[in-house]
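**Q** Fold the following and give me the result.
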Amino acid sequence: MAAPTRDLSVLYIGGTGTISASCVRRSVAAGMSVYVLNRGQNVKHRSLPESVTWLQADIGDAASVRKAIADQEFGAVANFLSFNAADAAEAVGIFRGRTRQYLHISTASLYRKPVLQWPIVESNLRQNPFVSYSRDKIAAEDELMRACVTNSCRFWKRLSSDSAMVLFFRADLTTIATYRYDAALANQARQFPPKRRR
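**A** Coordinates of the predicted model:
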């Protein structure tokens, strides 16, 4: 059997959390060549398919990440462990030229609080003065946007029905994306759907 092409390979940074482990399983089921990079700890003991290639490194240590991935290239990199502007800048430096798509996991909690408009759409203001995690995720997105502008990326957004947000940045053969998800917001949307206009 031929080795998988770069376009069918995905590297998950993290890969053992609630959402990322599910993504890993779905990617394997879709026939992708899947890599998981983390510190080698799976404290929740989430089972992953045997075909997953494990890479051990601390994403906070760029040298260990470069050593773990060596000269490998990936069709996509999904980073579940990027929390602030420094993390985002480091990831851009590590993965530029090594992937066609970079996916940054963000949060819908970065939208303005209290919420003034429902449903939340991509034009809502990113502002949450109450939660430092949200402010740090805004700074990470801003860093990715700066990297996109520097590299003449195209930028587009898509909002799904469950309040998950995907932001895409396109530069040459590199896409940087941000995925925002807030389970509480998604559950609230299911419990209190917006009223339909007549």
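**Q** Tell me the secondary structure at Val10.
**A** In terms of secondary structure, Val10 is strand; the call rests on DSSP: H, G, I helix; E, B strand; the rest coil.
**Q** okay, it: pLDDT?
**A** Looking at Val10, its pLDDT stands at 94.
**Q** Hmm, it is touching Met32, no?
**A** Yes: the criterion here is C-beta atoms under 8 Å, and Val10 meets it with Met32 at 5.3 Å. Using the backbone N, CA and C atoms, a C-beta is placed for each residue, glycine as well.
**Q** more neighbours, those two?
**A** A count of neighbours by other C-beta atoms under 10 Å puts Val10 above the other of Val10 and Met32, at 25 against 19.
**Q** Go through this structure and flag its longest helix.
**A** Here the longest helix in the chain is taken by residue count, with DSSP state H as the criterion, and it is helix 132-150.
**Q** Just the buried positions in it, please.
**A** The neighbour-count check on helix 132-150 (16 or more other C-beta atoms under 10 Å) flags 134-141, 143-145, 147-148 as buried.
**Q** picking that back up, shared neighbours, Val10 and Met32?
**A** Between them, Val10 and Met32 have Gly75 as joint contacts when contacts are counted by C-beta atoms under 8 Å, 6 or more residues apart in numbering.
**Q** what about Cys148, distance to Arg46?
**A** When distances are taken as C-beta to C-beta, to the nearest Å, Cys148 and Arg46 turn out to be 32 Å apart.
**Q** re earlier: columns distance to Ala70 and pLDDT on top of the buried residues of helix 132-150, output as a markdown table?
**A** Converted to a markdown table, the buried residues of helix 132-150 look like this (distance: C-beta to C-beta, whole Å; pLDDT from 0 to 100):
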| residue | distance to Ala70 | pLDDT |
| --- | --- | --- |
| Ser134 | 35 | 88 |
| Arg135 | 35 | 92 |
| Asp136 | 30 | 93 |
| Lys137 | 30 | 90 |
| Ile138 | 33 | 89 |
| Ala139 | 30 | 93 |
| Ala140 | 26 | 91 |
| Glu141 | 29 | 87 |
| Glu143 | 26 | 90 |
| Leu144 | 25 | 87 |
| Met145 | 30 | 84 |
| Ala147 | 23 | 83 |
| Cys148 | 27 | 78 |
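**Q** Which residues are in contact with Asp58?
**A** Remark: with contacts taken as C-beta under 8 Å, 6+ apart, Asp58 is in contact with Arg39, Ser64, Val65.
**Q** the strands in the protein, which residues?
**A** Counting by DSSP state E, one finds strands in the chain at the ranges 9-13, 33-38, 53-56, 74-79, 99-106, 154-159, 165-171, 174-180.
**Q** what's the longest one packed up against?
**A** It refers to strand 99-106. Packed against strand 99-106, as judged by 3 or more C-beta pairs under 8 Å, 6 or more residues apart in numbering; DSSP states H and E, are the following elements: strand 74-79, helix 85-95, helix 132-150, strand 165-171, strand 174-180.
**Q** Could you tell me the least trusted of these?
**A** Among these, strand 165-171 carries the lowest mean pLDDT (a mean of 36).
**Q** who's in contact with the nearest residue to Phe83 once chain neighbours are set aside?
**A** Of all residues not flanking Phe83 in the chain, Asp136 sits nearest, at 5.6 Å (C-beta to C-beta, 6 or more residues apart in numbering). For Asp136, the contacting residues are Phe83, Asn84, Ala85, by C-beta under 8 Å, 6+ apart.
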